[in-house]
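Chemist: Okay, here's the prediction I keep looking at, along with the sequence it came from:
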Amino acid sequence: MLKEFKDFIMTGNVIDFAVAVILAGALGLVINGFVSDIIMPIVGEFVGGVDFGSLKHVLSAGVGVEGEEGFKPENAIRYGAWINTIINLLIVGFVLFMIVRAYNKTKAPVVEEVAGPTAEELLAEIRDALKK
C-alpha cells in the first residue's frame, strides 16, 4: 500500500497539481495586492476620491466604546468591500486569461498525422493492378 501511494504521489499529474496550487496561492496574493494597493486607489480617484472599502449603509449605529460595558458594534451593509471583491475577481480573471492565452501561443501546434493506406490496402491495390 505504501508503494502504491508513493507511485501515486510521484506521478506527474499530482506533482504538477501541487505546483499549480502553490503558484495560484502566490499569484492570488500578488494580484490582490495589485488590486487593493494600485488599482482601487486609481478607480476611487476617477469616481471622485472615494475609498470603496469604506462605503457602507449603516443599519444601526454603534453604541459605546469597544471593551466597555454596554458596547454595541455598528451593524452595516459594507457594499464597498463587495465592490472591491467584484473588481478583484474581474482583474484576476483577466490576468489568468492573459496567462493562458500566452501559454497557448507558446505551445507547438498539434499536427494531426494523415493516415496513409495500410499494408493490406497497398497489397490489394498491387493485386488489382496486376489483374488488369
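Modeler: That came in fine, so what should we check first? Residues are numbered from 1 along each chain as shown.

Chemist: give the contact list for residue 62.
Modeler: If a contact means CB atoms under 8 Å, 6 or more residues apart in numbering, then residue 62 has 71, 72, 73, 74 as its contacts. For every residue, glycine as well, the C-beta is placed using N, CA and C.

Chemist: could you dump those to CSV with pLDDT, neighbour count and secondary structure?
Modeler: Formatted as CSV, the contacts of residue 62 follow (pLDDT from 0 to 100; neighbours: other CB atoms under 10 Å; DSSP: H, G, I helix; E, B strand; the rest coil):
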residue, pLDDT, neighbour count, secondary structure
71, 83, 11, coil
72, 87, 11, strand
73, 85, 11, coil
74, 85, 11, coil
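
Chemist: what's the farthest-apart pair in those?
Modeler: 71 and 74 (10.6 Å; CB to CB).

Chemist: so residue 58 sits in a strand?
Modeler: Yes - under DSSP: H, G, I helix; E, B strand; the rest coil, residue 58 sits within a strand.

Chemist: quick check: longest helix of the protein.
Modeler: In the chain, taking DSSP state H as the definition, the longest helix is helix 79-106.

Chemist: on contacts alone, who are the packing partners of that one?
Modeler: When contacts are defined as 3 or more CB pairs under 8 Å, 6 or more residues apart in numbering; DSSP states H and E, helix 79-106 packs onto helix 12-34, helix 40-46.
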